[in-house]
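> Fold the stuff below for me.
(2 chains)
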Number of protein chains: 2
Amino acid sequence: MCPYADDPYAVSLHDISERFRSCATPVRVRRFAHAHHAWLNGVTWQIANRAGGRMPGLDDYLTMRLHSAGGEPTYAMLEIVNAAEVPAHEMDSPAVTALTEMAICVDALDNDRHSLAKGAARRQTDQNVFTVLTHHHRLTEQQALHEGIALRDRVLVRFLDLREKVMPRAGRELRRYLTDLGHGIRGNTEWALRVPRYLSPRDATTAPGDVTAPETPPFTETPLAEGPPTHHLPTIGWWWDDLA
Amino acid sequence: MCPYADDPYAVSLHDISERFRSCATPVRVRRFAHAHHAWLNGVTWQIANRAGGRMPGLDDYLTMRLHSAGGEPTYAMLEIVNAAEVPAHEMDSPAVTALTEMAICVDALDNDRHSLAKGAARRQTDQNVFTVLTHHHRLTEQQALHEGIALRDRVLVRFLDLREKVMPRAGRELRRYLTDLGHGIRGNTEWALRVPRYLSPRDATTAPGDVTAPETPPFTETPLAEGPPTHHLPTIGWWWDDLA
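Numbers count the residues shown, from 1 in each chain, chains lettered A, B, ... in the order given. Next up is the predicted model:
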């Protein structure tokens, strides 16, 4: 019986936890719990910025967004779904930590882009990579769009490159995990093509899902230029260190 | 070189992290980082309660206090100092998770008690186990003092009991860790006898440390009665389950 019967959110979270506990080891359940702490910290930070009217700089924004995006609990479920636990010395290694963060970063920047049309139509000036770049780097909206996408592409290229280097000496569970981080990046864009939150761009009163995504969305296999330098961004700059 | 040269707090934290990274495995450093996320969540919760004038109920208070007390990063340093890493399947087991939380709980309730004289003299009505009990359980200050101490004693008795059951089948590193959780409980009370924050009880303007702790503080080897029931407190009630 759930001990929090008077709180529907607590009941739901308790239900999820009990299900996970019944099918996954304590290590995996605890990783999921740790991921929640990090996620909630990010969301609290984001809300505090909004309440105080603060637009963070790019490095602070990336630190916050890596947590607030919710990618940590999402990817912590991979091991539970696959029933394949990555050993701690692999999971906590700098390379795998970086790969997980990179996947979350690509997802988060993709989400920023997907919600851009809606945000702009509502004249929102909420925190996203594009408003951060226009605000702090004196870029036009077009320049910020280019820089933000180039940054996202640069991270994805590094993700693919580092993953290829790590794979050959990864154990079976880690290979499964790293493969599924990639599926997560693809899945996130698939999801964005269908989810009501991105398909009612005009204004808040438009019914959800009144815009249809294209049957065959355009795509490219060429990353946008080289992307901006990242060595001045300590949050992500270390991803380009020799980690493999 | 520290990339956060203009922020003295970030410089200090960066310095600590670099030192830990140079002497501890990534698993231990990451446990320390996870502990920080949980700690910061607890502190944010505490500050938000204070800002909103909210006095939490006992179960909420214990959840919050287990994180805000800072015991998680403190005890995460045991493995770093001892150069003895507890394997994940032992560290994340329900029994060891419970023992870590119990040690933190005893420390936190001891701290609540140590700061009680100072808090009362300042007419503070901040959140601690005693103000929570007087506020929500209609207890007098004397009754709340008794109930709070009895709860603390009950947790310590359970800690000692469960630890004794876990020890025989614990590996070398876990035995070291569990032994040092006990040293932490003792060390916390030793510290409280010397630290200025508890030794200037009269008011905020009194110089720190103007009260001397007794040379031989009184102590007892008998826990205070049985302590209040805990089955209605989901945050801690499971510590009495069959975990060994």
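> Verify the contact between A:Arg31 and A:Leu78 for me.
No - under the contact definition of Cβ atoms under 8 Å, A:Arg31 does not touch A:Leu78, with a separation of 10.0 Å. C-beta: built from backbone N, CA, C; applies to glycine.
> more crowded one of the two?
More crowded of A:Arg31 and A:Leu78, by other Cβ atoms under 10 Å in any protein chain shown: A:Arg31, with 26 against 21.
> Against chain B, how distant is that one?
Distance check for A:Arg31 against chain B: by Cβ to the nearest Cβ, to the nearest Å, it reads 8 Å.
> Against A:Val29, how distant is the spatially closest residue to that residue that is not a sequence neighbour?
Leaving out its chain neighbours, the residue that sits closest to A:Arg31 by Cβ to Cβ, 6 or more residues apart in numbering or on different chains is A:Ala76, at 5.0 Å. For A:Ala76, the distance to A:Val29 equals 9 Å [Cβ to Cβ, to the nearest Å].
> which residue packs closest to A:Phe148, ignoring adjacent ones?
Wrong residue type there; residue A:148 is Gly, not Phe. A:Val129 (4.3 Å).
> what sits against that neighbour?
A:Val129 makes contacts with A:58, A:61, A:65, A:109, A:112, A:144, A:148, A:151-152, as judged by Cβ atoms under 8 Å, 6 or more residues apart in numbering or on different chains.
> Return the closest of those residues with respect to chain B.
Using Cβ to the nearest Cβ, A:Leu58 is the member of these that lies nearest chain B, at 13.1 Å.
> coming back round to it: just checking, the residue nearest to A:Arg31 touches A:Phe32?
Yes - here A:Ala76 reaches A:Phe32: they are 4.4 Å apart, a contact under Cβ under 8 Å.
> what does the model give A:Arg123 for pLDDT?
What the model reports as pLDDT for A:Arg123 is 51.
> Which residue comes closest to A:Arg154 once chain neighbours are left out?
With Cβ to Cβ, 6+ apart as the criterion, A:Arg154 has its nearest non-adjacent residue at 2.8 Å, and that residue is A:Gly227.
> Where does that neighbour sit: helix, strand or coil?
The local conformation at A:Gly227, judged by DSSP: H, G, I helix; E, B strand; the rest coil, is coil.
> what's the offset of stretch A:228-239 from the middle of its chain?
17 Å (Cα atoms, centre = their mean, to the nearest Å).
> Report the central residue of chain A.
A:Ile104 (3.1 Å; Cα atoms, centre = their mean).
> what about it, which helix or strand?
Taking DSSP states H and E as the criterion, A:Ile104 maps to helix A:94-114.
> ok, is that helix in contact with chain B or not?
Yes - using Cβ under 8 Å from any Cβ of the partner chain, helix A:94-114 reaches chain B at A:94, A:97.
> Packing partners of that helix?
helix A:58-68, helix A:71-82, helix A:129-136, helix A:141-166, helix A:172-192, helix B:26-52 (3 or more Cβ pairs under 8 Å, 6 or more residues apart in numbering or on different chains; DSSP states H and E).
> so which of these comes closest to A:Trp239?
Set against A:Trp239 and scored by Cβ to Cβ, the helices and strands packed on helix A:94-114 come closest in helix A:141-166, at 5.8 Å.
> tell me which residues in that closest one are buried?
A:144-156, A:158-159, A:162-163, A:166 (16 or more other Cβ atoms under 10 Å in any protein chain shown).
> Could you report the pLDDT at the residue nearest to A:Gly148?
Looking at A:Val129, the pLDDT reads 94.
> Can you get me a residue count around A:Asp6?
With other Cβ under 10 Å as criterion, A:Asp6 counts 7.
> List the buried residues of stretch A:63-81.
Of the residues in stretch A:63-81, those buried (16+ other Cβ under 10 Å) are A:63-80.
> Would you mind pulling the contact partners of stretch A:8-24?
Here stretch A:8-24 has contacts from A:2-5, A:28-29, A:32, A:79-80, A:83, using Cβ under 8 Å, 6+ apart.
> Ramachandran angles for A:Asp241?
phi -70, psi 170 (degrees, to the nearest 10).
> residues near it, how many?
Neighbour number of A:Asp241 under other Cβ under 10 Å is 11.
> Surely A:Trp240 touches A:Val157?
No - applying Cβ under 8 Å as the test, A:Trp240 and A:Val157 come out as separate, 10.5 Å apart.
> interface residues of chain A facing chain B?
A:3-4, A:25-27, A:29-30, A:34, A:37-38, A:40-41, A:44, A:87-89, A:92-94, A:97, A:234, A:237.
> So among those, which ones count as buried?
A:25-27, A:29-30, A:34, A:37-38, A:40-41, A:44, A:88, A:92-94, A:97, A:234.
> Go ahead and list the helix or strand containing A:Thr235.
Going by DSSP H and E, A:Thr235 is part of helix A:234-237.
> for A:His89, same thing?
helix A:88-91.
> Now do that helix: which elements does it pack against?
Using 3+ Cβ pairs under 8 Å, 6+ apart, helix A:88-91 is in contact with helix A:172-192, helix B:26-52.
> Alpha carbons of that helix, in CSV - could you do that?
Coordinates of each C-alpha in helix A:88-91 appear next as CSV, following Å, rounded to 0.1, in the frame of the first residue of the first chain:
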residue,chain,number,x,y,z
ALA,A,88,30.3,1.0,-12.0
HIS,A,89,33.9,1.3,-13.2
GLU,A,90,32.6,1.6,-16.8
MET,A,91,29.5,3.7,-16.1
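> Please identify the helix or strand for A:Glu221.
A:Glu221 belongs to no helix or strand, assigned by DSSP H and E.
> Could you do A:Tyr9 as well?
In this assignment (DSSP H and E), A:Tyr9 forms part of helix A:8-23.
> Pull out the buried residues from that helix.
Counting neighbours by 16+ other Cβ under 10 Å, helix A:8-23 gives A:14, A:20 as buried.
> Export only the CA atoms of it, formatted as PDB.
Listed next in PDB are the C-alpha coordinates belonging to helix A:8-23 (Å, rounded to 0.1, in the frame of the first residue of the first chain):
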ATOM      1  CA  PRO A   8      -1.400  11.900  -6.500                       C
ATOM      2  CA  TYR A   9       2.200  12.800  -7.600                       C
ATOM      3  CA  ALA A  10       3.700  10.900  -4.700                       C
ATOM      4  CA  VAL A  11       1.400   7.900  -5.400                       C
ATOM      5  CA  SER A  12       2.600   7.800  -9.100                       C
ATOM      6  CA  LEU A  13       6.300   8.100  -8.200                       C
ATOM      7  CA  HIS A  14       5.900   5.400  -5.500                       C
ATOM      8  CA  ASP A  15       4.200   3.200  -8.100                       C
ATOM      9  CA  ILE A  16       7.000   3.600 -10.600                       C
ATOM     10  CA  SER A  17       9.600   3.000  -7.900                       C
ATOM     11  CA  GLU A  18       7.900  -0.200  -6.700                       C
ATOM     12  CA  ARG A  19       7.800  -1.500 -10.300                       C
ATOM     13  CA  PHE A  20      11.400  -0.700 -10.900                       C
ATOM     14  CA  ARG A  21      12.400  -2.300  -7.600                       C
ATOM     15  CA  SER A  22      10.600  -5.400  -8.500                       C
ATOM     16  CA  CYS A  23      12.400  -5.900 -11.800                       C
END
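> pLDDT weak spots in chain A?
A:1-2, A:119-125, A:200-211 (pLDDT under 70).
> quick one on the thing from earlier: now the helix holding A:Tyr9, how far from the centre of its chain.
Centroid separation for helix A:8-23 versus its chain: 23 Å, with Cα atoms, centre = their mean.
> Good, wrapping up.
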